[in-house]
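Asks: Sequence and computational prediction follow.
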Amino acid sequence: MGRASYLAVMAFIFLGTAWLEIGLRTRVYRRWRRLLLTLLPVVVVFLAWDAYAIAHGHWWFDETAITPVRLPGGIPLDELVFFLMVPIASVLTLEAVRSATGLAVGDEGPSSSAPGGSAEGAGAGRSGADPGGAA
Amino acid sequence: MTYTQLAVLGVLAVVGWDLWVLRTRLLTRRVFWMAYGIIVFFQLVTNGVLTGLRIVRYSGDAILGSTTPDDRAPVVLGDGRILFAPVEDLLFGFALVVLSLSLWVAWGRRGIQREPMAGPPLSALVPILARVGGRPPGAIDRASGGPLESPGSKGGGPADPPATTS
């Protein structure tokens, strides 16, 4: 697949999770401001880790399998795509599980959050609480 | 520091971050571990491609296992590797996922686009989801407070669109 090899794996992650937005109504892309605020710190932290690892020779890349574009620190553009796609796929998965199970995640709002107790969250979403309507 | 040391530090950092800094406490929630189980399965698959095809290569000085060979794929299992990838990648991935999800939840707790909440799934998917362990058809939907399959069921927020199924 040549220089698109790495990006092809990223495309698989994107396409493999994007359907959740519709099929399980995850509403993650739709809440794009919250998503961007989530991605920004993650990208900063993990690009720093990536730059350190590349500078110290922890890992390197097959130059024939990635794009020729480099960010500061010699980080391949492909890696930036990785640090965007994996968090997005993770959030989509979390919201998909919430959608499918009704389990509480912890952001349901003051009325239904139950601080304390190690078993919190398990099944709390089935209580019929209506945080959305309470607002 | 080696990748091994950084990866362990990364896991410790995100555990403290989730439990005591942001206090999102995702690590105490069933929903997180169900999601992580799905994520780690696909991590093993996709990372297996990236490392097995040697698109990404590792130095034996930085990981528990040995350096990615120049002329062939690394071992599938053993020598500090799981499905071609260094075990350190599992710790790295865990840190990446926990940081991402804890931030996502923290913004929601602060009222940043808490709504529209996720769910319910398209009604066509409900029987399939019930079979793989999701909530059964007719279960109370957390977001709407109404039955899952009620035609007028909405996701909660005022900006919620009409249901896409007819």
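Replies: Structure's in. What do you need?

Asks: Poorly predicted segments of chain A, please.
Replies: Applying pLDDT under 70 to chain A picks out residues A:110-135.

Asks: check contacts around the residue nearest the centre of it.
Replies: Centrality entry for chain A: nearest residue to the mean C-alpha point is A:P87, 1.9 Å, by C-alpha atoms, centre = their mean. By C-beta atoms under 8 Å, 6 or more residues apart in numbering or on different chains, A:P87 lies in contact with A:T38, A:L39, A:V42, B:L96, B:V97, B:S100. (C-beta placed from N, C-alpha, C; glycine too.)

Asks: Could you find the closest non-adjacent residue to it?
Replies: For A:P87, ignoring the flanking residues on the chain, the nearest one in space by C-beta to C-beta, 6 or more residues apart in numbering or on different chains is B:S100 at 3.7 Å.

Asks: wait, doesn't the one you found sit right on A:P41?
Replies: No. B:S100 lies out of contact with A:P41 (C-beta atoms under 8 Å); the separation is 9.1 Å.

Asks: ok, the two, which is more surrounded?
Replies: Neighbour totals were compared for B:S100 and A:P41, and B:S100 leads with 26 against 12 (other C-beta atoms under 10 Å in any protein chain shown).

Asks: that older thread, name only those of the contacts of A:P87 that count as buried.
Replies: Using 16 or more other C-beta atoms under 10 Å in any protein chain shown as the burial test, those include A:T38, A:L39, A:V42, B:L96, B:V97, B:S100 as buried.

Asks: and which of the residues you listed is nearest to B:M1?
Replies: Of all these, the one sitting nearest B:M1 is B:L96; the distance, using C-beta to C-beta, is 17.7 Å.

Asks: And that closest one, how close does it get to chain A?
Replies: 6 Å (C-beta to the nearest C-beta, to the nearest Å).

Asks: Could you identify the helix or strand that succeeds whichever helix or strand that residue is part of?
Replies: Per DSSP states H and E, B:L96 falls inside helix B:88-109. Per DSSP H and E, the first helix or strand lying C-terminal to helix B:88-109 is helix B:126-131.
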